[in-house]
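Engineer: Sharing a model prediction with you, sequence too.
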Amino acid sequence: MVDEYAPIDTVVLESIAKRYRTDESVSAVELALGDIDGHQGLTITFDPEHYPDRVGNARLDVQWYRNDGFNFHHVETHANGGIWQCRWDRQRNPHSDRAHFYPPPDAGDPIDVECPDDYRDVLSTIRVVIHDRVEARAAMLFDIVLPGVERLSS
(Lines give C-alpha, C1' and ligand atoms only; values in the text may rest on other atoms or scores of the structure.)
Protein backbone atom coordinates (compact mmCIF):
# COMPACT_ATOMS: atom_id res chain seq x y z
CA MET A 1 0.00 0.00 0.00
CA VAL A 2 1.32 3.43 -0.91
CA ASP A 3 1.68 5.72 2.12
CA GLU A 4 0.60 9.27 1.28
CA TYR A 5 3.04 10.69 3.83
CA ALA A 6 6.25 9.31 2.34
CA PRO A 7 9.06 11.81 1.65
CA ILE A 8 10.06 12.88 -1.84
CA ASP A 9 12.65 10.62 -3.47
CA THR A 10 15.29 13.14 -4.53
CA VAL A 11 17.46 10.50 -6.24
CA VAL A 12 14.61 9.53 -8.58
CA LEU A 13 13.67 13.16 -9.28
CA GLU A 14 17.31 14.01 -10.07
CA SER A 15 17.46 11.05 -12.48
CA ILE A 16 14.25 12.15 -14.23
CA ALA A 17 15.58 15.74 -14.41
CA LYS A 18 18.80 14.46 -16.01
CA ARG A 19 16.85 12.57 -18.68
CA TYR A 20 14.72 15.60 -19.56
CA ARG A 21 17.69 18.00 -19.70
CA THR A 22 18.81 16.21 -22.88
CA ASP A 23 15.36 16.29 -24.51
CA GLU A 24 15.18 18.77 -27.40
CA SER A 25 11.48 19.39 -26.77
CA VAL A 26 12.23 20.76 -23.28
CA SER A 27 13.11 24.41 -22.58
CA ALA A 28 13.58 24.22 -18.79
CA VAL A 29 13.96 21.67 -16.00
CA GLU A 30 13.50 22.94 -12.45
CA LEU A 31 14.04 20.76 -9.42
CA ALA A 32 12.57 22.24 -6.22
CA LEU A 33 13.50 20.43 -3.06
CA GLY A 34 12.18 22.24 -0.01
CA ASP A 35 11.50 25.66 -1.47
CA ILE A 36 9.76 28.43 0.48
CA ASP A 37 6.16 27.46 -0.31
CA GLY A 38 6.84 23.83 0.58
CA HIS A 39 6.51 22.49 -2.97
CA GLN A 40 8.90 19.68 -3.64
CA GLY A 41 9.18 18.21 -7.07
CA LEU A 42 10.26 18.63 -10.62
CA THR A 43 8.79 20.97 -13.24
CA ILE A 44 9.60 20.28 -16.88
CA THR A 45 8.66 23.09 -19.25
CA PHE A 46 8.29 22.11 -22.88
CA ASP A 47 9.56 24.29 -25.72
CA PRO A 48 6.51 25.98 -27.30
CA GLU A 49 8.10 25.54 -30.73
CA HIS A 50 7.10 21.87 -30.53
CA TYR A 51 3.43 22.72 -30.06
CA PRO A 52 0.83 24.28 -32.35
CA ASP A 53 0.49 28.08 -32.04
CA ARG A 54 -2.67 27.83 -29.98
CA VAL A 55 -0.73 26.19 -27.12
CA GLY A 56 0.94 28.99 -25.19
CA ASN A 57 2.93 26.75 -22.86
CA ALA A 58 3.09 23.20 -21.61
CA ARG A 59 4.67 21.59 -18.60
CA LEU A 60 4.95 18.34 -16.71
CA ASP A 61 5.02 18.51 -12.89
CA VAL A 62 6.53 15.42 -11.28
CA GLN A 63 6.65 14.13 -7.74
CA TRP A 64 8.08 10.72 -6.87
CA TYR A 65 8.03 9.42 -3.31
CA ARG A 66 10.34 6.99 -1.51
CA ASN A 67 7.51 4.45 -1.30
CA ASP A 68 7.17 4.51 -5.14
CA GLY A 69 4.05 6.64 -5.05
CA PHE A 70 4.02 9.32 -7.75
CA ASN A 71 2.23 12.18 -9.42
CA PHE A 72 2.79 13.25 -13.04
CA HIS A 73 0.63 16.26 -14.03
CA HIS A 74 0.71 17.37 -17.68
CA VAL A 75 -0.74 20.85 -18.26
CA GLU A 76 -1.12 22.84 -21.47
CA THR A 77 -2.21 26.47 -21.31
CA HIS A 78 -3.79 27.57 -24.57
CA ALA A 79 -3.56 31.01 -26.14
CA ASN A 80 -7.31 31.51 -25.58
CA GLY A 81 -6.82 30.99 -21.83
CA GLY A 82 -8.09 27.42 -21.82
CA ILE A 83 -6.29 24.69 -19.93
CA TRP A 84 -5.91 21.08 -21.05
CA GLN A 85 -4.60 18.71 -18.41
CA CYS A 86 -4.30 15.12 -17.30
CA ARG A 87 -2.59 13.40 -14.40
CA TRP A 88 -1.21 10.02 -13.40
CA ASP A 89 -1.02 9.15 -9.68
CA ARG A 90 -0.08 6.24 -7.52
CA GLN A 91 -1.07 7.13 -3.98
CA ARG A 92 -3.75 6.36 -1.46
CA ASN A 93 -6.88 8.35 -2.17
CA PRO A 94 -10.50 8.31 -1.00
CA HIS A 95 -11.50 7.00 -4.43
CA SER A 96 -8.64 4.57 -5.04
CA ASP A 97 -5.71 2.91 -3.32
CA ARG A 98 -3.78 2.16 -6.48
CA ALA A 99 -2.59 3.84 -9.66
CA HIS A 100 -5.09 6.04 -11.41
CA PHE A 101 -5.33 8.40 -14.35
CA TYR A 102 -7.25 11.68 -14.40
CA PRO A 103 -8.26 12.12 -18.04
CA PRO A 104 -8.22 15.25 -20.16
CA PRO A 105 -9.27 17.81 -20.91
CA ASP A 106 -9.74 18.78 -17.25
CA ALA A 107 -8.07 15.96 -15.28
CA GLY A 108 -11.59 14.82 -14.41
CA ASP A 109 -12.84 11.75 -12.58
CA PRO A 110 -10.04 9.21 -12.08
CA ILE A 111 -9.79 5.87 -13.82
CA ASP A 112 -7.90 2.99 -12.19
CA VAL A 113 -4.94 1.95 -14.34
CA GLU A 114 -2.02 -0.45 -14.16
CA CYS A 115 1.38 1.24 -14.07
CA PRO A 116 4.83 -0.30 -13.99
CA ASP A 117 6.63 -0.39 -10.65
CA ASP A 118 9.94 1.09 -11.78
CA TYR A 119 10.06 4.87 -12.23
CA ARG A 120 11.98 4.51 -15.52
CA ASP A 121 9.15 2.45 -17.02
CA VAL A 122 6.49 4.87 -15.76
CA LEU A 123 8.51 7.79 -17.16
CA SER A 124 8.96 6.06 -20.53
CA THR A 125 5.23 5.42 -20.82
CA ILE A 126 4.34 9.02 -19.96
CA ARG A 127 6.99 10.41 -22.32
CA VAL A 128 5.49 8.39 -25.17
CA VAL A 129 1.98 9.59 -24.31
CA ILE A 130 3.08 13.24 -24.26
CA HIS A 131 5.06 12.81 -27.48
CA ASP A 132 2.03 11.22 -29.14
CA ARG A 133 -0.13 14.09 -27.88
CA VAL A 134 2.24 16.71 -29.33
CA GLU A 135 2.51 14.88 -32.65
CA ALA A 136 -1.26 14.50 -32.92
CA ARG A 137 -1.83 18.15 -31.99
CA ALA A 138 0.65 19.23 -34.60
CA ALA A 139 -1.24 17.17 -37.14
CA MET A 140 -4.54 18.50 -35.69
CA LEU A 141 -5.91 14.96 -35.42
CA PHE A 142 -7.79 15.41 -32.15
CA ASP A 143 -8.61 17.83 -29.36
CA ILE A 144 -9.69 15.75 -26.38
CA VAL A 145 -8.62 12.12 -26.57
CA LEU A 146 -5.19 11.33 -25.15
CA PRO A 147 -3.48 8.57 -27.08
CA GLY A 148 -1.72 5.96 -25.04
CA VAL A 149 -4.11 5.67 -22.11
CA GLU A 150 -4.66 2.05 -23.12
CA ARG A 151 -0.91 1.51 -22.74
CA LEU A 152 -1.31 2.22 -19.03
CA SER A 153 -4.41 0.13 -18.52
CA SER A 154 -3.59 -2.92 -20.60
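Structural biologist: Structure received. Numbering: from 1, shown residues only.
Engineer: So which other helices or strands are in contact with the helix ranked longest in the chain?
Structural biologist: For the chain, the helix with the greatest residue count under DSSP state H is helix 119-138. In terms of contacts (3 or more Cβ pairs under 8 Å, 6 or more residues apart in numbering; DSSP states H and E), helix 119-138 is packed against helix 10-21, strand 55-64, strand 70-78, helix 149-153. In short, each C-beta sits where N, CA and C put it, glycine included.
Engineer: orientation of it relative to helix 10-21 in degrees?
Structural biologist: 30 degrees (axes from the mean of the first three to the mean of the last three Cα atoms, to 10 degrees).
Engineer: So the residue nearest in space to the middle of the chain versus Tyr65, what's the distance?
Structural biologist: The centroid of the chain falls nearest to Phe72 when counting by Cα atoms, centre = their mean (3.1 Å). Taking Cβ to Cβ, to the nearest Å as the measure, Phe72 falls 12 Å from Tyr65.
Engineer: do Trp88 as well
Structural biologist: To Tyr65, Trp88 is 14 Å away according to Cβ to Cβ.
Engineer: Val113 is nearest to which of the helices and strands packed on helix 119-138?
Structural biologist: Minimum separation from Val113 across the helices and strands packed on helix 119-138 (Cβ to Cβ) falls at helix 149-153, 4.3 Å.
Engineer: for this structure, which spans come out with low pLDDT?
Structural biologist: 1-4, 35-39, 92-97, 137-154 (pLDDT under 70).
Engineer: Could you rerun that using 80?
Structural biologist: Across the chain, residues meeting the criterion (pLDDT under 80) sit at 1-5, 33-39, 91-98, 135-154.
Engineer: ok, back up a step: may I have the beta-bridge partners of the residue nearest to the centre of the chain?
Structural biologist: Here Phe72 sits in beta bridges with Val62, Trp88, going by DSSP bridges.
Engineer: Isn't it up against Ile126?
Structural biologist: Yes - if you go by Cβ atoms under 8 Å, Phe72 and Ile126 touch, sitting 5.3 Å apart.
Engineer: okay, and the common contacts of those two?
Structural biologist: Common contact partners of Phe72 and Ile126 (Cβ atoms under 8 Å, 6 or more residues apart in numbering): 60, 88.
Engineer: now the longest helix of the chain and strand 70-78, what's the angle there?
Structural biologist: Using the same axes, to 10 degrees: helix 119-138 against strand 70-78 is 20 degrees.
Engineer: quick check: angle from helix 119-138 to strand 55-64?
Structural biologist: Relative orientation of helix 119-138 and strand 55-64, computed by the same axes, to 10 degrees: 170 degrees.
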